[in-house]
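Colleague: here are the coordinates; sequence isn't available:
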Ligand code: BG6
Ligand code: MG
């Protein structure tokens, strides 16, 4: 049994969907007569759908009834789903398509820990479902990242102690969640945003089998 296991985030780590979430949220903001910048969108990465809408409304200084909020949540998700309706392998981030089978071959266990309620649909479209030892998503949790619940459940499902789990995340909220329970955090993106991570890689092309093997079994110098 490998000494450590990996927990992957989905959006922005396995698949390039972060841009579609942004397009769909920006449309909601625009429909409410304000704009929503890419910089502000960083705060939404990893954050649940409901919390994201609250953040956007706060940003636009808009108050809505629960009924109106529900309407916008449905509209955002419908738009997002239409944007990903033709999703195929080409939307996978660099190197991921090769990395996941290579991890299986190397007997390194890995699970999914995503905030998305659409995670299973996306994994299915990419034919990745069966590669994961466990899948924990937005339908399995009651607390959204930065709460570590999603990662703690994933760790429990694959029978690894949190300190032996390596979390791969593109969001600030996800890195905070992993750090809270002393998991090893690997940020995918900019040092400026993900500086709290134990390791930061510019993009997934740097997330190689060799890099992960070295985290699992550090080579002595
Ligand atoms: C996260 C994304 O993975 O899932 C967020 O980074 C998104 O942008 C969240 O809001 C919830 O996703 P969904 O698909 O349930 O709306
Ligand atoms: Mg993400």
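Modeller: Done, it's in. Treat the numbers as computed from the prediction; the structure is a model and nothing was measured. Ligands and ions are numbered 1, 2, ... in the order given.
Colleague: Mark out where each domain of the protein begins and ends.
Modeller: 5-15+90-216, 18-84 (automatic domain parsing).
Colleague: Most tightly packed of those domains?
Modeller: domain 5-15+90-216 (a mean of 19; mean count of other C-beta atoms under 10 Å). (Each C-beta comes from the backbone N, C-alpha and C, glycine too.)
Colleague: What residues does residue 46 make contact with?
Modeller: Contacts of residue 46 were listed using C-beta atoms under 8 Å, 6 or more residues apart in numbering, and they are 9, 11, 115, 145-146, 169-174, 177.
Colleague: residue ranges of the strands in the chain, please?
Modeller: Along the chain, the segments classed as strands by DSSP state E run 5-8, 110-113, 134-136, 165-169, 184-188, 199-201.
Colleague: Let me see the mean pLDDT of the second one.
Modeller: Computed over strand 110-113, the mean pLDDT rounds to 98.
Colleague: Next: the third one.
Modeller: In this model, strand 134-136 has an average pLDDT of 98.
Colleague: who's in contact with the worst-scoring helix or strand of the chain on mean pLDDT?
Modeller: Least confident helix or strand of the chain, by mean pLDDT, DSSP states H and E, is helix 38-41 with a mean of 92. With contact meaning C-beta under 8 Å, 6+ apart, helix 38-41 is reached by 21-22, 25-26, 59.
Colleague: mind checking how far that helix is from the chain centre?
Modeller: 16 Å (C-alpha atoms, centre = their mean, to the nearest Å).
Colleague: Would you agree residue 77 is in contact with residue 49?
Modeller: Yes - counting by C-beta atoms under 8 Å, residue 77 does reach residue 49; the two are 6.7 Å apart.
Colleague: Check whether residue 129 really touches residue 119, as I assumed.
Modeller: No - with contact defined as C-beta under 8 Å, residue 129 and residue 119 do not form a contacting pair (9.8 Å).
Colleague: Common neighbours of those two, please.
Modeller: Common neighbours of residue 129 and residue 119, using C-beta under 8 Å, 6+ apart, are residue 135.
Colleague: next one: phi and psi at the residue of the chain at minimum distance from ligand 2?
Modeller: Residue nearest to ligand 2 within the chain (C-beta to the ion): residue 12, separated by 3.7 Å. The phi/psi pair for residue 12 (degrees, to the nearest 10) reads phi 90, psi 0.
Colleague: residues in contact with the closest residue in space to residue 188 that isn't next to it in sequence?
Modeller: Nearest residue to residue 188, sequence neighbours excluded (C-beta to C-beta, 6 or more residues apart in numbering): residue 170, at 4.6 Å. The neighbours of residue 170, taking C-beta under 8 Å, 6+ apart as the test, are 9, 11-13, 18, 45-46, 187-189, 194.
Colleague: OK, contacts around the closest residue to residue 6 other than its chain neighbours?
Modeller: Excluding its sequence neighbours, the residue lying closest to residue 6 (C-beta to C-beta, 6+ apart) is residue 110, at 4.1 Å. Neighbouring residues of residue 110 by C-beta under 8 Å, 6+ apart: 5-8, 100, 103, 131-133.
Colleague: how does it look with 7 Å?
Modeller: Shown in contact with residue 110 (C-beta atoms under 7 Å, 6 or more residues apart in numbering): 5-6, 8, 103, 132-133.
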